[in-house]
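Peer 1: sequence unknown, structure follows:
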Ligand code: NAD
């Protein structure tokens, strides 16, 4: 008997399914509907499409192109990310399910027209159950190749009838979530004169700072890209903060707009702000530990998957006939939903991320019931 390799799935004459990745137990644990493995030797395509839940509508989620350490890491990532999309769509009131795809490999070496078009054909085979979009490692140009083989793709450039860069809409949603949090804490949603620290002045952070500047906030910025910092300081009269000092700053609001898992025991204990509201995904390192801790510290945390949903709202609008005004109007609703969640969290004595998750699950259960009866 040949030795069974340790990655999770390889079809050979001797064995068809390798058990050590426990693909079905992961799917069962996260409650996924379907996982599709796609390969094409000619183009080097190795992709996984994970469809978590299509109760509300077709699963929409971007394609991440990343050089994963192992296929198991790729599988874990796509399962985790696709599940998050179900909650994000549900809490945002969109008729969309949760899904995501990953392409395994180095995008700089593997990127080609053939690879994306082949991937597009796999998406087409799903008959609209999965709609893809841009994500880390993929571009709007890649989406154009995918579109040559399937209609089930969004995140296209404006000249192609798409919505282009979703970051301004994401930033607007974050701004709405921040204003609602201010209303909850201070009784007014005006950010005039409030000090706001923005970590990461990338695509979203820049537009967020633009909104804050217009509103008259006092802005502090941090980024590892010095040129970006210089530009932000000059354009928005922002004060530059060193990366190491960011959690110790005496500012009213902290907006993480760089990377995830930024809210851990150390950072939360150092924070002096009253509100955390930013764009980064998965800000709480461990939801069950750091959700309660941030509440204990009396810091109002605006749930990330709610207030950064503007990007999803933008591509959803593309799916139904793009209109930026409609997308912005939908993103504006983040204000009311944030207030509802903050109130629920207080009323029920739970942390805000938990309250948001419960609301998302409630909507899923209601629609599941609606669709099961006739
Ligand atoms: P981006 O790559 O354009 O910007 C990220 C910025 O963070 C860069 O300027 C980078 O230099 C900076 N950065 C990296 N490490 C840092 C550190 N340690 N300290 C300070 N700055 C650091 O990304 P983006 O599109 O602006 O997205 C920002 C975050 O929001 C990401 O977590 C992303 O997943 C999330 N998000 C983005 C969108 C969107 O529409 N772009 C939608 C939802 C969520």
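Peer 2: Received, thanks. Remember, it's a predicted structure, so these values are computed and weren't measured experimentally. Residues are numbered from 1 along each chain as shown.

Peer 1: can you get me a residue count around residue 66?
Peer 2: 18 (other Cβ atoms under 10 Å). All C-beta spots, glycine's among them, are computed from the backbone N, C-alpha and C.

Peer 1: and residue 315, how many neighbours?
Peer 2: The burial count for residue 315: 27, using other Cβ under 10 Å.

Peer 1: quick check, it in contact with residue 164.
Peer 2: No. Counting by Cβ atoms under 8 Å, residue 164 is not a contact partner of residue 315; they are 10.4 Å apart.

Peer 1: which pLDDT value belongs to whichever residue of the stretch 151-300 of the chain sits closest to the ligand?
Peer 2: Closest residue of the stretch 151-300 of the chain to the ligand, Cβ to the nearest ligand atom: residue 202 (1.6 Å). pLDDT recorded at residue 202 is 94.

Peer 1: got it, and residue 3?
Peer 2: According to the model, residue 3 scores 42 on pLDDT.

Peer 1: now do residue 320
Peer 2: 79.

Peer 1: same question for the one 3 residues further on.
Peer 2: Residue-level confidence at residue 323 comes out at 90, pLDDT.

Peer 1: can you give me every residue that contacts residue 97?
Peer 2: Residues in contact with residue 97, defined by Cβ atoms under 8 Å, 6 or more residues apart in numbering, are 51-60, 85-86, 89.

Peer 1: can we see that at 7 Å?
Peer 2: Residue 97 sits next to 52-59, 86, 89 when contact means Cβ atoms under 7 Å, 6 or more residues apart in numbering.

Peer 1: next one: stretch 243-259 to chain centre, how far?
Peer 2: 20 Å (Cα atoms, centre = their mean, to the nearest Å).

Peer 1: is any part of it close to the ligand?
Peer 2: Yes. Using Cβ under 6 Å from any ligand atom, we find that stretch 243-259 touches the ligand at 243, 257-259.

Peer 1: now residue 352. Nearest residue, chain neighbours left out?
Peer 2: Closest residue to residue 352 apart from its sequence neighbours, by Cβ to Cβ, 6 or more residues apart in numbering: residue 345 at 4.4 Å.

Peer 1: shouldn't the one you found be in contact with residue 356?
Peer 2: No. With contacts counted by Cβ atoms under 7 Å, residue 345 stays clear of residue 356, the gap being 8.3 Å.

Peer 1: surely residue 255 meets residue 208?
Peer 2: Yes. Residue 255 is within contact range of residue 208, at 6.4 Å (criterion: Cβ under 7 Å).
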